[in-house]
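Undergrad: quick one: sequence and predicted model below, then my questions.
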Amino acid sequence: MDFLQNLAHGMGVAMSPINVLLCFAGCMLGTLIGVLPGIGPIATIAILLPLTFGLDPTAALIMLAGIYYGAQYGGSTASILLNIPGESSAVVTALDGHEMARQGRAGIALGISAIGSFVAGTIATVVIAALASPLASLALVFGPAEYFALMLTGLAFAVLLARGSVFKAIIMILIGVLLSTVGPDLTTGQLRLTFGAVWLADGIEIALLGMGLFGIAEVFRSLEHGEARQVKQTQIGRLLPGPDELRAAAKPILRGTLLGSILGILPGNGAVLAPYASYTLEKKLSRTPGRFGRGAIEGVAGPESANNAGAQTSFIPLLTLGIPPNAVMALMVGAMTIHGIVPGPQIMTKMPDLFWGLIASMWMGNLMLLVINLPMVGLWVKLLNVPYRLMFVGIVIFCCIGVYSINSEPADILIMAALAVFGYALSKFNFEPAPLTLGFVLGRMMEENLRQALMISRGSFLTFVERPIAAFFIVLAIVMLVVGILPSIRRGRDEVFVD
Amino acid sequence: MNALRRPVVAALSAAAILLGCTGLVRAQASAYPQDRVTLTVAFAAGGFVDSFARIIAQELSTKWGKAVTVENKAGAGGNTAASIVANAKPDGLTLLVTSTAIAINETLYKQRDYSLDQLAPISISVSSPETIATHPSNPGDLKDYLAWAKDREITFATAGVGSGSHIAAEYFLRKLAKTPATHVPFRGGALSVQAALGNQVDMVASSFGVIPQVTEGKLNGLAVASETRVSAMPDVPTYTEKGFPFVAESWVAVLAPGKTPADIVEKINTDIGEILARKDIQEKLIGMGYQLHKRNVAEVSVYLKDEVNKWGEMVRTIGVTVE
């Protein structure tokens, strides 16, 4: 067991007092910024980057990585308590997590997401240590054709994700796809759907969508009910998950970890698909899918684990190939180059201290996050006792600061406000915003991969059938759509008969 | 406008200071800078330009005894940041750090809300040549490769339409090598390199981005578009050696608003030059794949004009525009 030896070596590096301290600092800071909506890990790492100059590169990367996965933990806190998802992964957590909070089970939701994330983090650490190199070469098989097919499956998921009408879900997905096309076209560089507005020239940030459609729209909805909401909030109930809840969450956590670990390795930010995939899987496997969206613990445990596992395995392409799969990892490349390290395949052999130290620190960081977060659950839950008339002001202010901090662009706040009104209207007409976010996340990636795949195949659509992995996903997508749509058509007909 | 951002930045910086990792700041008596200097970087954090900006920001801040902060204003292929700095107060406290894009966009973009005349070039001191590379299963010598490519219309991946890599590679293939090829743009250089690693595309065009893959033998470097070979990958020949006299380099430029006093521009040029003359900094930059150039302000200005013409000619030849 070579990797156990390496991992032990890494532990030795990670356990040095300065590294432990920086790992803790990173995790703590990450949690805090994660809780504040909109101030994501990208802004934080970019701001803190110069301050790591004086540090040894391993220590610097350990701290920056801590911020990254700490933010993943913190992000779920804001979505569960206040329904303010700052990024696309937290949107899924908000679906059932916030519902649980409204039923007075906020502590349980927070607890299970911390425990699930820890389990996922532990397993993902072992996966990275044992399989990083073979997995990375496997990910190279994934070209644009495979990726497009995978995303088509993802969109089929989105239809299944819908709580109510499939027809409405498809409309929402299409609006999401439409919104994702705003900005420069990849293949020609021409601007699309910007109507000449400079502030639309680079498209719409996912954080605006999350905070507008969910966070602020939720504020509108709550204000409608006035202080009546208070009654629910005072019934807090048990703080941490009990044996029954742990049992219900165990399998979703493991399945979520598996899904997240696989998707995290894929190029082009496959990790964003993980929570959606896990949520759909759990809903499909559940004997009582009706509970999903109404506070099902599986709907929090699975996606949270998938998200954390994916966040961690997305280090694999960075550490083994030198290819950053998403914006945060691109920043890590920046951090490495500034310290004079060229990220690439040679890191593992030439800088074993850095490679294994960083991996071992991930496990240590996850343990720290569990220790930081479990005792804080009580504190967070108490936050819900703050009178809503005070709290909503805070939510709105933090969302505005968060959105502004992304690009320092005042127009972004107006876009968020418009999306909030839109989100409120959607809820009035019983449309779900979750499929819209998924359509938004997948839309652009799908279009770009489709066009790249067709350019590579010189225009032949057969590429999606000839390449086995792509063909597999296309078939899977078709099967899922049929399975998803057929019952609802039948149900629709039944309803007609009832009338 | 900055009032809203400041609390966030302040809170995060305060947190960082608490971590005990602040750099020592030395006070120095000098007229410029009187206040905090902002380097407005035209691209997202983490890239080629950003890394350079952060390295010099740190060193300038020590030298000047004033904070030098990096602000990323990505957008419109670098035009967003250029326009902000072009319209900023010409006091040397707002500087632009950008790439070859500033020269390319003069021809590439039909519309921009600034003009290059509104900016004063200060320094262009680091560059990395445009490089083409291919999967090791394909011919690894440029001549053999072109012969192999002749009858199969190869695909080549780049960081995007209108990127320096795209323009240089398409110009080389079409104009110099007369080899038809299909361009496959990706969102960023990293994904284009990945496509070549997986042999999804026949070739990747990039600058310093392929160096680690080439030195590790995961990709074969076909040619570099510089006068001399790159020390980080000494086995890759130049285009000139292979019979195609072709030089196209991706560089990082520092510019100030056009009306900035000449003595401030001179001072910044000298100070950046002093930083880049240091052994430790040079080793770091050369290790990353950069080539270093010593130029005074007048030379920078001439070089920039030449580059605008050279890239403009390439852009017109391949016939690409962005509205």
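TA: That came in fine, so what should we check first?
Undergrad: would you mind finding the longest strand in chain B?
TA: strand B:119-129 (DSSP state E).
Undergrad: run a quick neighbour tally on the nearest residue to A:Ala139 once chain neighbours are set aside.
TA: In this structure, A:Ala139 finds its nearest non-sequential neighbour in A:Ile265, 4.7 Å apart by Cβ to Cβ, 6 or more residues apart in numbering or on different chains. Any C-beta I mention is one placed from the backbone N, CA and C, and that applies to glycine too. For A:Ile265, the neighbour count with other Cβ atoms under 10 Å in any protein chain shown is 26.
Undergrad: hmm, A:Ile265 is touching A:Ser137, no?
TA: No - judged on Cβ atoms under 8 Å, A:Ile265 makes no contact with A:Ser137 at a distance of 10.4 Å.
Undergrad: ok, the single nearest residue of the stretch 101-250 of chain B relative to chain A - how many residues close by?
TA: Ranked by Cβ to the nearest Cβ, the top residue of the stretch 101-250 of chain B for proximity to chain A is B:Pro212, at 2.7 Å. B:Pro212 has 24 neighbouring residues, counting by other Cβ under 10 Å.
Undergrad: where do the helices of the stretch 301-450 of chain A begin and end?
TA: Assigned helices in the stretch 301-450 of chain A, in chain order: A:315-316, A:327-338, A:347-350, A:352-383, A:388-407, A:410-428, A:434-456 (criterion: DSSP state H, counting those that start in this stretch).
Undergrad: and whichever strand or helix holds A:Phe148, what other elements does it pack with?
TA: Taking DSSP states H and E as the criterion, the element that holds A:Phe148 is helix A:144-161. When contacts are defined as 3 or more Cβ pairs under 8 Å, 6 or more residues apart in numbering or on different chains; DSSP states H and E, helix A:144-161 sits against helix A:166-180, helix A:273-285, helix A:434-456, helix A:463-466, helix A:468-498.
Undergrad: what strands line up against the following helix or strand past the first one, and which way round?
TA: Think helix A:166-180. Following helix A:166-180 in sequence order, the next helix or strand is strand A:183-184 (DSSP H and E). Sheet pairing of strand A:183-184 (DSSP bridges) gives strand A:191-192 (antiparallel).
Undergrad: chain B contacts on the stretch 251-400 of chain A?
TA: Contact residues, the stretch 251-400 of chain A versus chain B (Cβ under 8 Å from any Cβ of the partner chain): A:267-268, A:317, A:321-324, A:327, A:330-335, A:337-338, A:340, A:342-346, A:400.
Undergrad: for chain B, which helix is longest?
TA: Under DSSP state H, the helix in chain B containing the largest number of residues is helix B:297-318.
Undergrad: packing partners for that helix?
TA: Packed against helix B:297-318, as judged by 3+ Cβ pairs under 8 Å, 6+ apart, are the following elements: helix B:101-108, strand B:119-129, helix B:164-171, strand B:249-257, helix B:262-276.
Undergrad: by proximity to chain B, which residue of the stretch 151-300 of chain A wins?
TA: For the stretch 151-300 of chain A, Cβ to the nearest Cβ, closest residue to chain B: A:Gly189, 4.0 Å.
Undergrad: wait, doesn't that residue sit right on B:Ala159?
TA: No - shown here, A:Gly189 and B:Ala159 do not form a contact pair, counting by Cβ under 8 Å, at 11.8 Å.
Undergrad: more neighbours: those two, which one.
TA: Under the criterion of other Cβ under 10 Å, the comparison of A:Gly189 against B:Ala159 puts B:Ala159 first, with 24 against 20.
Undergrad: and that one, what's its pLDDT?
TA: Per-residue confidence (pLDDT) for B:Ala159: 93.
Undergrad: list the contacts for the residue lying closest to A:Val377 once chain neighbours are set aside?
TA: Leaving aside its chain neighbours, A:Val377 sits nearest to A:Leu110 (4.7 Å; criterion: Cβ to Cβ, 6+ apart). For A:Leu110, the contact set (Cβ atoms under 8 Å, 6 or more residues apart in numbering or on different chains) comprises A:76-77, A:80-81, A:373, A:377, A:380-381.
Undergrad: just A:Leu319 next, same as before
TA: A:Leu319 sits in contact with A:128, A:132, A:343, A:347-348, A:355, A:358-359, where contact means Cβ under 8 Å, 6+ apart.
Undergrad: mind putting the residues you listed into a markdown table with pLDDT?
TA: Formatted as a markdown table, the contacts of A:Leu319 follow (pLDDT from 0 to 100):
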| residue | pLDDT |
| --- | --- |
| A:Ile128 | 90 |
| A:Ala132 | 84 |
| A:Pro343 | 78 |
| A:Ile347 | 83 |
| A:Met348 | 82 |
| A:Phe355 | 91 |
| A:Leu358 | 92 |
| A:Ile359 | 91 |
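Undergrad: quick one, which of those are buried?
TA: Buried subset of the contacts of A:Leu319 (neighbour count, 16 or more other Cβ atoms under 10 Å in any protein chain shown): A:128, A:132, A:343, A:347-348, A:355, A:358-359.
Undergrad: how many residues are close by the nearest residue to A:Ala360 once chain neighbours are set aside?
TA: Spatial nearest neighbour of A:Ala360, excluding adjacent residues (Cβ to Cβ, 6+ apart): A:Gly10 at 3.3 Å. By other Cβ under 10 Å, 27 other residues sit near A:Gly10.
Undergrad: what's the distance between A:Gly10 and chain B?
TA: Per Cβ to the nearest Cβ, to the nearest Å, A:Gly10 is found 22 Å from chain B.
Undergrad: in this structure that residue contacts A:Gly357, no?
TA: Yes - between A:Gly10 and A:Gly357 there is a contact under Cβ under 8 Å: 5.1 Å.
Undergrad: just the CA atoms of stretch B:281-295, as PDB, please.
TA: This file holds the C-alpha atoms of stretch B:281-295, laid out as PDB (Å, rounded to 0.1, in the frame of the first residue of the first chain):
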ATOM      1  CA  ILE B 281      12.500  37.300  -9.200                       C
ATOM      2  CA  GLN B 282      14.200  36.400 -12.500                       C
ATOM      3  CA  GLU B 283      14.500  32.800 -11.500                       C
ATOM      4  CA  LYS B 284      10.800  32.700 -10.600                       C
ATOM      5  CA  LEU B 285       9.700  34.200 -13.900                       C
ATOM      6  CA  ILE B 286      12.000  32.200 -16.100                       C
ATOM      7  CA  GLY B 287      10.900  29.000 -14.300                       C
ATOM      8  CA  MET B 288       7.300  30.000 -15.200                       C
ATOM      9  CA  GLY B 289       8.300  30.200 -18.800                       C
ATOM     10  CA  TYR B 290       8.600  33.900 -19.300                       C
ATOM     11  CA  GLN B 291      11.400  35.600 -21.200                       C
ATOM     12  CA  LEU B 292      12.600  38.900 -19.800                       C
ATOM     13  CA  HIS B 293      13.300  42.200 -21.700                       C
ATOM     14  CA  LYS B 294      14.800  45.400 -20.500                       C
ATOM     15  CA  ARG B 295      13.100  48.400 -22.200                       C
END
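Undergrad: does the longest strand of chain B reach chain A?
TA: No - judged by Cβ under 8 Å from any Cβ, strand B:119-129 makes no contact with chain A; its nearest approach is 11.8 Å.
Undergrad: that strand - contacts with which helices or strands?
TA: Counting contacts by 3+ Cβ pairs under 8 Å, 6+ apart, strand B:119-129 packs against helix B:79-86, strand B:249-257, helix B:262-276, strand B:291-292, helix B:297-318.
Undergrad: can you redo these as a markdown table with mean pLDDT?
TA: Formatted as a markdown table, the helices and strands packed on strand B:119-129 follow (pLDDT from 0 to 100):
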| stretch | mean pLDDT |
| --- | --- |
| helix B:79-86 | 94 |
| strand B:249-257 | 97 |
| helix B:262-276 | 96 |
| strand B:291-292 | 92 |
| helix B:297-318 | 96 |
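Undergrad: by proximity to chain A, which residue of the stretch 1-150 of chain B wins?
TA: Among the residues of the stretch 1-150 of chain B, B:Gly46 lies closest to chain A, at 3.5 Å counting by Cβ to the nearest Cβ.
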